[in-house]
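# sequence first, then the predicted structure, then my questions.
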Amino acid sequence: KESTRQAQEYAFEQDLTVLSGDGEIDNEFLNSYNIELIRIRESTRIRNYQNQLEQLEKLSDDPKGVIYRGLLIPELASKRLYQRIDLLDNEIAIAQSTYKEDDPYLKKLIDTQVLYIDLLKDQTLGFLQAQLSDAKAKYASTERPEGVLIKFRELARAAKRDKVTLTELEDQLQVLTLEAARSETPWELISEPTLMDEAVKPKKIRILALGLLLGVLIGSILALIKEKMSGIIYSSEDIEKKLSQPFLFKLSKKNITEWDSIIALLINGPLKPENNNSINCIVLGKPDRDIILSLKTKFESSLGESNFRITDELFLSHKSSIHLVITSLGDISFDELELFIQKLSVQDISSPHWILIDG
């Protein structure tokens, strides 16, 4: 802090701005720079006003020139004297067109105009001289003995360097103080910790059960959505609702070996031909071709090839025949079923027998 105090005392002695001591010393040269800037500015003003005074003296015999020179000075241009001179110019121009040159009225106007111009010249001259004196005074106030500004810069630079060093030392002292105050064991064990035989969390079995249940639920929902969007029938109840009648029989693909006995019972029962009637079998949808061929073979072995026919077109069947419709879950859509029921109504075929092939 000694260097800062010396810089402040020296600035006070030489009539410079005193350093605050707690501000940014990055502006250490502000005093000297301000002085140099003021000297340059005031020197420029002195030359400017001197040039204007010289030009004003040259315009002594030119009234218009005096007026225009005064108008270039903002402080004088706003005065009412210029307005009066302008009004006199207009009155003189009007009078010259009306009166002779030796007319007393015209001479009075011209004399008044000359008086106003002389007054304007005196005001302009006084203003410029006052400004010139002010500029010289300010220029003189910036003068300092040789070497003062250089010495002040050196003192300010030393003050800045010492302040930076002091700040770094204070930071290091604070760090060392904190390190010294730090305890080697900042914590204390109050009691011995107890470990349980089994983990409290996570409960893996519960997570697994919930995940499985959630997976089944989401899968079921997605399957139902897919089923509704595809339009395919996967439930025998949906077909029975459309038919308004139960199936004659439901054949399971898992028990194909039992189909012979089932078909024999059907032929001797509901499907028993009378009066040489044949069984006309209509395949609805797109069941497995191998399943249909196996079913055809079993019917033909019991009835004969001439008494059992398979077709997928309703109009090829005979009204005198026993009509048998075979379909399979997952191979027929709701639209196909609706269309087939409409065809039955058009062909006047009522209550055909339905056999469902189930998986």
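Received the coordinates, thanks.

# can you give me the helices in the chain?
2-13, 30-58, 63-71, 74-77, 80-98, 104-141, 148-181, 204-230, 236-243, 259-267, 289-303, 334-346 (DSSP state H).

# ok, which of the ones you listed comes nearest Glu192?
Checking the helices of the chain against Glu192 by Cβ to Cβ gives helix 204-230 as the closest, at 28.5 Å. For glycine as for every other residue, the C-beta is placed from the backbone atoms N, C-alpha and C.

# that closest one vs helix 236-243, what angle?
In terms of direction (axes from the mean of the first three to the mean of the last three Cα atoms, to 10 degrees), helix 204-230 departs from helix 236-243 by 20 degrees.

# starting at the chain centroid, how far to helix 204-230?
38 Å (Cα atoms, centre = their mean, to the nearest Å).

# still on that earlier bit, for the helices of the chain, which one sits closest to Arg309?
Per Cβ to Cβ, nearest to Arg309 of the helices of the chain: helix 289-303, 9.2 Å.

# packing partners of that closest one?
Here helix 289-303 touches helix 259-267, strand 279-283, strand 308-311, strand 322-328, going by 3 or more Cβ pairs under 8 Å, 6 or more residues apart in numbering; DSSP states H and E.

# which one of the ones you listed lies closest to Trp354?
Closest approach to Trp354 among the helices and strands packed on helix 289-303 (Cβ to Cβ): strand 322-328, 5.0 Å.

# for the closest residue to Ile110 other than its chain neighbours, give its distance to Leu115.
Closest residue in space to Ile110, ignoring its immediate chain neighbours: Ile92 at 6.3 Å, by Cβ to Cβ, 6 or more residues apart in numbering. For Ile92, the distance to Leu115 equals 13 Å [Cβ to Cβ, to the nearest Å].

# okay, these two: which has more neighbours?
The residue with more neighbours, out of Ile92 and Leu115, is Ile92; 15 against 11, by other Cβ atoms under 10 Å.

# where's the more buried one relative to Asp103, distance?
As judged by Cβ to Cβ, Ile92 and Asp103 stand 11 Å apart.

# same question, Leu251
For Leu251, the distance to Asp103 - Cβ to Cβ - is 143 Å.

# neighbour count: these two, which is higher?
Set Leu251 next to Asp103 and count neighbours by other Cβ under 10 Å: Leu251 wins out with 20 against 13.

# quick one, what contacts the more buried one?
Counting by Cβ atoms under 8 Å, 6 or more residues apart in numbering, Leu251 makes contact with Trp259, Ile262, Leu295, Ile355, Leu356, Ile357, Asp358.

# go with 10 Å
Glu258, Trp259, Ile262, Ile263, Ile291, Leu295, Ile326, Ser328, Ile355, Leu356, Ile357, Asp358 (Cβ atoms under 10 Å, 6 or more residues apart in numbering).

# bridging residues for the closest residue to the fifth one other than its chain neighbours?
Same thing as Ile291. Excluding the flanking residues, the one nearest Ile291 by Cβ to Cβ, 6+ apart is Ile357, at 6.1 Å. Going by DSSP bridges, Ile357 is paired in beta bridges with Leu251, Ser328.

# where does the stretch 101-250 of the chain have low pLDDT?
The model of the stretch 101-250 of the chain has pLDDT under 70 over residues 142-150, 152-153, 181-187, 189, 200.

# tell me how far the residue sitting furthest away from the middle of the chain lies from Lys108.
The C-alpha centroid of the chain is most remote from Asp102, which lies 86.3 Å away (Cα atoms, centre = their mean). The gap separating Asp102 from Lys108 is 12 Å, by Cβ to Cβ.

# how about Ile225?
Using Cβ to Cβ, Ile225 is found at 112 Å from Lys108.

# that older thread, between the helices of the chain, which one is closest to Asp197.
Closest among these, using Cβ to Cβ: helix 204-230, at 15.6 Å.
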